[in-house]
Each structure stands twice: as structure tokens, then as C-alpha cells.
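Chemist: would you be able to build a 3D model of this:
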Amino acid sequence: MAKASYAKASYNAPIPPASLTTPQFDTTTILSLTSTLALLVAAYGLSVRLLPKSATSKTRALFVWHLFDALIHLIFEGSFLYNCFFVSYGLPTSFSSTALRPASPPLLLTPPDVFWLGRTDRLYGAAYGEGVFSRLWQEYAKADRRWGGVDLTVVSLEILTVGVGAPLALWVCELLRRGEGQRKWFWMVVLATGELYGGFMTFAPEWLTGSPNLDTSNWMYLWVYLFFFNTIWVWFPLWVLYESYTAINSAMSQAEMVDLVNYLGKKDD
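Modeler: As a prediction, the model looks like this:
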């Protein structure tokens, strides 16, 4: 397990208060942005390799989106869960987590007397790690400090996202590759609905409490980290729902027309 000294954890303030944060384009920032772009390029490259040449632009766009979605969930959000379960900081024996709670609320995201994994002697999360992905989440935690520690709602949603959402997105990609008919639209609806619900449950608790964990004091944290990177999972799922509704409605209309023709044919007989 990754450990840090008490002095170091306090001095570095891995999840600083909003008033103390300023946007900085350092190596971690650049790595975070370029790695996201790299996953998008990889998704497009795989679409060229895996989809038939006769695939339409819509099919390719749906494939790229769902593959990008799966890669983000598995690699980035999977690393977030790893930090929550395996990266920790051991509290000094001369302090208790209850005593520390009033002095350092940014480091403790669970309710009073509630302890992650039942451990009263350790704090978990990316804030206490030194690896590449720990630093990536430390960077994002400058905008939303919940991602530097263990917020129960966020972690619960991410377990579903990584464990269910990512495999489902890959299954949709496989159905698109096969050129499956109407079955793929059902699974797209399931996934898109889950993405929208997850986004709402991530931010609704903040909106209802005055956004205590969000830093909107500068343009990068507000418009790049919080708005751009999160509304992607709003606009694309909404588009997928629209396309699914159109396709399913068209299929039902065709089925009704076939039934009508068969009925008229039997009537003539």
C-alpha cells in the first residue's frame, strides 16, 4: 500500500480548499488532457480496423463513442477505484480520525463515524498516492475534491460504471461490428440511460448542498474539468437515445405495415 508521512500529507494538501487553488498547466495537466485525446484517437483507429468498409458514418460515430466510453471507464475510472481500495495513508497513532475530522475536512469525505472499509486507522484515495494515475486524479480533484478521496456516492457509482457500463459499451461495439439489427438499440438505451443517471447522481448532491466540493473559481476547473469532461456524458447519451428512438420507432412502423399487409392478404383469400 502506498503510504505517506503525516507531515507530507498535511503540507502537500492534495485536496486543497477551493480558495487556494489556481490553474496550472504542469506535466500532470498536459498528460491528463493528451491521454484523453489519445484514447479518442485509439477508438477511431480501431473503428477503421474493425468495422466493415460499408459502415455508415452514423455506425462509425456510435462505435467510436462506445469504445471511447469503455476505455475511459476501464482505464481512468478503473484507476480511480484502484486508488480508493488500495492506496492509503496510515493515521498517526497519536491521532484519531475523529479528532482530525474538524481540522482537515477536505481529507475526510465520509459521514461522521462512518469509515471506508471499516478502517478507522487509514484514509484511502488518490490523494495519498504517488503513481501516474494517483497524480492524474489529484489534478482532477483540484476541481472536484471528492475524486481525491473516498466519497461513498461517487465510489458506488464508479463500481457500476466500471463493472457494468464498460463491458456493456464493449458489447455494443461488438454488435455494431457484426452489423446486428435492432438488438443493439436496446443495449444502447440501457447504457445511455445509466450514463445520464450516473451523471445526475454525481452532481445532484453537490447542487443541493451549495457545491461544497467543487472549485469553480477559475475557467479551467469550471469549463474544462467540470463542464466539458462531464457534459460529454450528457450530450452523447442524449444523441444515442434519440437515434435509438428513431430506429426502434421505424422498425415498429415497418412491423405494423407488414402485419397490415399480411392481414389484408388473408382477408382477400
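Chemist: only C-alpha atoms from now on, for both contacts and neighbour counts.
Modeler: OK.
Chemist: toward the C-terminus, what is the element adjacent to the host helix or strand of Pro167?
Modeler: Pro167 is located in helix 166-178, with elements delineated by DSSP states H and E. Counting by DSSP H and E, the next helix or strand C-terminal to helix 166-178 is helix 183-208.
Chemist: which neighbouring elements make contact with the helix holding Pro167?
Modeler: Here helix 166-178 touches helix 57-71, helix 183-208, going by 3 or more Cα pairs under 8 Å, 6 or more residues apart in numbering; DSSP states H and E.
Chemist: pick the most deeply packed of the ones you listed.
Modeler: helix 57-71 (a mean of 20; mean count of other Cα atoms under 10 Å).
Chemist: alpha carbons of that one, as CSV, please.
Modeler: The C-alpha coordinates for helix 57-71 follow below in CSV (Å, rounded to 0.1, in the frame of the first residue of the first chain):
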residue,chain,number,x,y,z
SER,A,57,-20.9,7.5,-40.7
LYS,A,58,-23.6,7.0,-38.0
THR,A,59,-22.4,3.5,-37.3
ARG,A,60,-18.8,4.6,-37.1
ALA,A,61,-19.7,7.5,-34.8
LEU,A,62,-21.7,5.2,-32.5
PHE,A,63,-18.8,2.7,-32.5
VAL,A,64,-16.2,5.3,-31.6
TRP,A,65,-18.3,6.8,-28.9
HIS,A,66,-19.0,3.5,-27.2
LEU,A,67,-15.4,2.3,-27.5
PHE,A,68,-14.1,5.6,-26.1
ASP,A,69,-16.7,5.4,-23.3
ALA,A,70,-15.4,1.9,-22.4
LEU,A,71,-11.8,2.9,-22.5
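Chemist: what angle sits between it and helix 183-208?
Modeler: Here helix 57-71 runs at 50 degrees with respect to helix 183-208, directions being taken by axes from the mean of the first three to the mean of the last three Cα atoms, to 10 degrees.
Chemist: now do the contacts for Cys173.
Modeler: Listed by Cα atoms under 8 Å, 6 or more residues apart in numbering, the contact set of Cys173 reads Phe63, His66, Leu67.
Chemist: touching, the last one and Ala43? I think so.
Modeler: Yes - assessed by Cα atoms under 8 Å, Leu67 is found in contact with Ala43 at 5.7 Å.
Chemist: tell me the first helix or strand C-terminal of the one helix or strand in the chain whose mean pLDDT sits lowest.
Modeler: Lowest by mean pLDDT, DSSP states H and E among the helices and strands of the chain is helix 6-12, with a mean of 36. Going down the chain from helix 6-12, the next helix or strand is helix 27-50, by DSSP H and E.
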